[in-house]
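In: Got a predicted model here, sequence first, then my questions.
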Amino acid sequence: MSEGGDKDNGKRQDRLRLVISSSPHVRKGTSVERIMYAVVLCLIPALAASVYCFGYKVLAIVGVSVGAALLTEFLAKRLRKKPFEMDGSAVITGLILGLMMPPGLEWGQLWLPAVGAFFAIAIVKEAFGGLGSNIWNPAAGGFLFCLLSWAAMMGVGWIADGGIVWEMMRTEATPLVDLEKGEVSMEVVKNLFLGNVNGALGETSALALLIGGLALIGLRYIDWRIPLSFIGTVGVLTFAQTGDPILTLAYLFAGGLFLGAFFMLTDYVTSPLTGWGRVLFGVGAGAVVVVIRLFANPMEGVAYSIIFMNMFTPLIDRYLKTEPFGRIKKEAEG
Amino acid sequence: MVSFGIHPDYRKVTADKKVESAPLPAEVIIPLHQHIGAPCKPTVEKGSEVLAGEKIGEVQSFVAAPVHASISGKVKDIRRALVPVGYEADCVVIEGDGKENWVKFEKRDSEELEPKEIINRIKEGGLVGMGGAAFPTHVKLSPPPEKKIDVIIANGAECEPYLTCDHRLMIEETERIIKGMEAAMRVLGCSRGLIGIEDNKRECIEKMEKGAELSSFEIEVRELRTRYPQGAEKMLIHSLLRRKVPVGGLPMDVGAVVQNVGTLKAIYEAVNLGTPLVDRVVTVTGGVKQPQNLMVRIGTRIKDLIDFCGGFTQEPGKIINGGPMMGIAQESVEVPVIKGMSGILVQSKEDVGKRRERPCIRCGSCIESCPLGLMPTTIVRYAKKGMFEDCDRYYIANCIECGCCSWVCPSNIPLVHWLKYGKGEVLKIKRKKLEKEREKEKGGETK
C-alpha cells in the first residue's frame, strides 16, 4: 500500500513513470523522529540541572541507561525480525529512566539503570509489539521494576559524591519524606523548585522540567491538557487535605511530579486520543498520586499513577470520543 | 467543534496570470460520464459530422448531465478510454476540422424566464459542479419542495493549494458570476445570496463587492479566514451561517445551496447565452515551464496543455487532476480535460519522494485536524481489519476526504486511502442490508 504503482506497460504512448497514490499529495513534513528528538531536546534542561547538582556521574548513569535501552531495542527487533530504527523512542525511555535513578549510585552499581532499561524496552515495550502497541509507559515500568527489586539501592544512597548540593543537603531521605513530617518553609519550596535538593537525578529541578515541558507544549508536540489536569488535580487535592498553600507547592515541586506530568503521562502511545479523554486521564493520575502519597510510600506515587492510568487508556478511548460535526441529537440519545 | 483548519503551503503562483485561451485542439476525447450519476448515451455515431456545442450524449436519468461537442469536426470513434478520475468510460473522440463551426444558440434574458425554463436551460447546457465533485447543477437547484432554501452561497474560497481558476474568474468574470447567482436565486426563490472568499484574495473580494453592489438582489461578499478546507461545503456553510449540515445530510437540510463561482458563471452562459458547458478554466501548474490559467475545451488531452505550458521542468513524478490535497493522481497524460477538472498539477520526482508508513504512535493529530470531528486513526484501525460496522459506528460516512489527517500524520499513514476504502465497504454493506429487507418484505407479502 505504498506509493509505487508505476505503470509502464508499453501500451501507452507516453513513457512517463508516474506514481499513483491516494490524496493528499503533500505532507506537513513532520515525522516520528522529529517529535521524539524534540522530546529528547526538551529533557536537556533537566539533565543539565542534574549534572549541575550532582556532578558528572549523572552523565554516566544516564548514558548507561540510554545505551542499554538502544541495545535492547536493537536486539529485540533482531529477535522479532523487524527492522531496527533510530526513531528516538528508545532514547527517550532510556533518558527518562536514567533521570529517575538515585544520584548516589556507586560506579559498581551502574548495572541497575541497564537492567531497568532492559526491562523497560524488552518487556514493557517490545513484548507488546513495540512503539505504538505498548500498554504501559516503558520508563515508568522500568523504574518500578528497579524499585521493587532493589528497593535498598533505589531508596538510600541519595547523596552524590560530586556537585555543589550534597554538602548542603546531607539528609538521607528524599524531600517527600521530609514533607511527611510537615516541616516546610518557603525556603524548601524555593529549593525544590530550583533543584537545590536531593532526589532522583532528573526530579531535582522542577524549573528545568517546566522549561522543557512548556517548550513541548509551545511546539504543540504534547497536549497541555494532560500536565494541567494532572498537576491541577494534585494541587487541589493536596490543598484540600493539608489546607497549607506552602506545603501544597512543596508537594507539587517534589518527587518527579513534573517529570511525570510533562514527559511520561504525555507519552502518546499510552495516553488517550481525545481532548476530554486526556483531561480525565490527567485527573485520574493526579488523584492516584495523592492517594499514594498520603497512604503509602510517597517515592513511587507518580510512577504508579502513570502505570495505573495507562491501563484505563483503552477504556477512556472507548467512551470519550469526539463529537462528529453535525451529529443529530436524537441519534445521540437513542 | 468549531475550530478547524490546517495551513498547507499555498503556492498560488498563477494567481496574477490572466486566463489565456489554449489553442484549439486537433482532437478531443469527450467522456460520456463526467458527472456524479448515470452515464450518458451517445447521440452520434462513428463518422457523424458535429458542430461545436452540439449535444453528443443524452442523459438516461434525472441525476445526470448531457455532454456536448467542444469542437466542430467528425466523430472518429466511440470507445472506452481512461478518464482522469481513475477509471475507463465511454468516450466520443472527435477529430477537429480546425474551424469554429458552432450551433446557433438562443439568447434569452434570465429575468424574463420562468424558474422552470431556467432549470431546463441549465440541464440542457450539461452543467455540473465545477469545483471538482461534478454533481449535476440542475439537481442541486431542484430541492424537494419541503426543503425551503433561504440562502445561496457562492463558493469562492478556493482553499486548495496551487489552484487559481476560481481566483481568476472572480476577477475577470465578476459580472457573469453575479448574474449566474441571480438566476440561481430566482430558481430557488431565495432572497439572500452570500459570496464566501478567503481573505488572502483581496483583489477578488474588492471586485466581487463592486459586482454585488450593482445587483438588484441582496448579495453580500463575506471574507473567510484562509485555512484548509474552508471551501468544503459543510465548512463553508458553518463559517458563513453557523449552521451545521447534519451527519449524512446535504446543505439543503439547513436551507442552503452552495455553488462554485465557476459553476455560477456557467449558469449565466447557459441561461442567458444558451451556450452549453464546453470549456472551462484549468490551472496548469507545478513542474511546468510556464504555469498558467488556461481556458480549455472539454476533451483536450492534458498532454497538449502541458506542452502548451512549455513542457515539464524536470522528469515528473506525479500528475494530478486537481489540487494537491484532494486531487487524483493520473497514470497517463493522454486523459482528457473534463468538466470537473480545476487544475493539472505536476509534481517532480523529488516532491513525491518516498514516504514509508510507520506504526501509529497515537499522537492524535489526525483527530485534532479533522474538520468533521472524526477519529481517523481509530476508524482506519477498524478499516484495516475489515471491521466496517465499527467504522460506521465512528461516523466514517461523515468523512469528506479533505486529507487533513494524512497531511498531519507523522507516521505517514495513508489515512485517506483507508477512509475511502472503508466508506465504500460501509456503503456496500448498507446496500446489501436494504436489499435483504426489501426481499423480506416481498417474502412477507407472498405469504
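Out: Sure thing, it's come through.

In: With adjacent residues omitted, what lies nearest to B:Pro229?
Out: Residue nearest to B:Pro229 in three dimensions, not counting chain neighbours: B:Cys402, with 4.2 Å by C-beta to C-beta, 6 or more residues apart in numbering or on different chains. In this view, the C-beta of every residue, glycine as well, is placed from N, C-alpha and C.

In: What does residue 264 show for phi and psi?
Out: As the question left the chain open, I've gone with chain A. A:Met264 adopts backbone torsions of phi -110, psi -50, taken as degrees, to the nearest 10.

In: Also B:Val271?
Out: Taking degrees, to the nearest 10, you get phi -80, psi -50 for the backbone angles of B:Val271.

In: Please list all residues in contact with it.
Out: Neighbouring residues of B:Val271 by C-beta atoms under 8 Å, 6 or more residues apart in numbering or on different chains: B:108, B:110, B:113, B:118, B:121-122, B:125, B:180, B:183.

In: ok, 6 Å please
Out: Contacts for B:Val271 (C-beta atoms under 6 Å, 6 or more residues apart in numbering or on different chains) come out as B:110, B:118, B:121, B:183.

In: surely the third one meets B:Asn272?
Out: It refers to B:Arg121. No - at 8.7 Å, B:Arg121 and B:Asn272 do not qualify as touching, with contact defined as C-beta atoms under 6 Å.

In: Neighbour count for the two, which is higher?
Out: Comparing B:Arg121 with B:Asn272 by other C-beta atoms under 10 Å in any protein chain shown, the one with more neighbours is B:Arg121, at 24 against 21.

In: if I've got this straight, B:Glu350 is in a helix?
Out: Yes - counting by DSSP: H, G, I helix; E, B strand; the rest coil, B:Glu350 is part of a helix.

In: quick one: B:Arg362 and B:Pro376, what's the gap?
Out: From B:Arg362 across to B:Pro376, the span is 12 Å (C-beta to C-beta, to the nearest Å).

In: and these two? which has more neighbours close in?
Out: Legend: neighbour count by other C-beta under 10 Å for B:Arg362 and B:Pro376, higher for B:Pro376 (29 against 23).

In: close enough to count as contact, the more buried one and B:Trp407?
Out: No - using C-beta under 6 Å, B:Pro376 is not in contact with B:Trp407; the gap is 11.0 Å.

In: Counting only helices, which of the contacts of B:Val271 make the cut?
Out: Among these, the members falling in helices (DSSP state H) are B:118, B:121, B:183.

In: Kindly report the residues of chain A close to chain B.
Out: Contact residues (C-beta under 6 Å from any C-beta of the partner chain) of chain A with chain B: A:7, A:12, A:14, A:18-28, A:30-32, A:35, A:131-132, A:268-269, A:273, A:322-328.

In: Give me the buried entries from these.
Out: A:18-28, A:30-32, A:35, A:131-132, A:268-269, A:273, A:322, A:324-327 (16 or more other C-beta atoms under 10 Å in any protein chain shown).

In: Any chance of the backbone angles for A:Ala127?
Out: Taking degrees, to the nearest 10, you get phi -60, psi -20 for the backbone angles of A:Ala127.

In: Would you mind putting the ones in helices among the contacts of B:Val271 into JSON lines with pLDDT and distance to A:Phe281 alongside?
Out: Putting these into JSON lines (pLDDT from 0 to 100; distance: C-beta to C-beta, whole Å) gives the following:
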{"residue": "B:Ile118", "pLDDT": "95", "distance to A:Phe281": "57"}
{"residue": "B:Arg121", "pLDDT": "96", "distance to A:Phe281": "59"}
{"residue": "B:Ala183", "pLDDT": "95", "distance to A:Phe281": "55"}
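
In: Just the closest of these to B:Arg301, please.
Out: For those, the closest approach to B:Arg301 (C-beta to C-beta) belongs to B:Arg121, at 29.7 Å.

In: That closest one and B:Pro143, how far apart?
Out: In terms of C-beta to C-beta, B:Arg121 sits 18 Å off from B:Pro143.

In: Three-state assignment for B:Val281, please.
Out: Classification of B:Val281 by three-state DSSP places it in strand.

In: can stretch B:304-324 be found next to chain A?
Out: Yes - interface with chain A: stretch B:304-324 contributes B:317-320, B:324 (C-beta under 6 Å from any C-beta).

In: Tell me which of these fall in strands.
Out: Using DSSP state E, the members of the residues of stretch B:304-324 next to chain A that fall in strands are B:317-320.

In: quick one on the thing from earlier: would you mind putting the contacts of B:Val271 into JSON lines with distance to B:Glu95 alongside?
Out: JSON lines is the format used below for these (distance: C-beta to C-beta, whole Å):
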{"residue": "B:Ser110", "distance to B:Glu95": "36"}
{"residue": "B:Ile118", "distance to B:Glu95": "35"}
{"residue": "B:Arg121", "distance to B:Glu95": "29"}
{"residue": "B:Ala183", "distance to B:Glu95": "35"}
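
In: Which strand or helix spans B:Ala65?
Out: Using DSSP states H and E, B:Ala65 sits within no helix or strand.

In: so what's it up against?
Out: Going by C-beta under 6 Å, 6+ apart, B:Ala65 touches B:35, B:126, B:128, B:136.

In: Between the residues you listed, which sits nearest B:Ala232?
Out: B:Val128 (17.6 Å).

In: ok and the residue in the stretch 101-250 of chain A nearest chain B?
Out: Across the stretch 101-250 of chain A, the shortest distance to chain B (C-beta to the nearest C-beta) belongs to A:Gly132, at 3.7 Å.

In: residue contacts, the residue positioned nearest the centre of chain B?
Out: With distances taken as C-alpha atoms, centre = their mean, the residue of chain B nearest its centroid is B:Gly132 (1.5 Å). Shown in contact with B:Gly132 (C-beta under 6 Å, 6+ apart): B:322, B:340, B:342.

In: Which pLDDT value does the model give B:Lys428?
Out: B:Lys428 is assigned 94 on the pLDDT scale.

In: measure it to chain A for me?
Out: For B:Lys428, the distance to chain A (C-beta to the nearest C-beta, to the nearest Å) stands at 19 Å.

In: For that residue, the count of nearby residues, please.
Out: 11.

In: pretty sure A:Val234 contacts A:Ala285?
Out: No - in this structure, A:Val234 is not within contact of A:Ala285 by C-beta under 6 Å, at 8.7 Å.

In: Where does the prediction get shaky in the stretch 101-250 of chain A?
Out: Along the stretch 101-250 of chain A, the model assigns pLDDT under 70 to residues A:155-189, A:191-192, A:194-199.

In: what about the helices in it?
Out: Under the criterion DSSP state H, counting those that start in this stretch, helices of the stretch 101-250 of chain A are mapped to A:111-118, A:138-149, A:151-155, A:165-168, A:175-181, A:186-194, A:206-218, A:225-242, A:245-253.

In: tilt between the last one and helix A:225-242?
Out: Regarding helix A:245-253 and helix A:225-242, their directions subtend 140 degrees when assessed with axes from the mean of the first three to the mean of the last three C-alpha atoms, to 10 degrees.

In: now for helix A:245-253, which elements pack on it?
Out: If contacts are counted by 3 or more C-beta pairs under 6 Å, 6 or more residues apart in numbering or on different chains; DSSP states H and E, helix A:245-253 sits against helix A:186-194, helix A:225-242.
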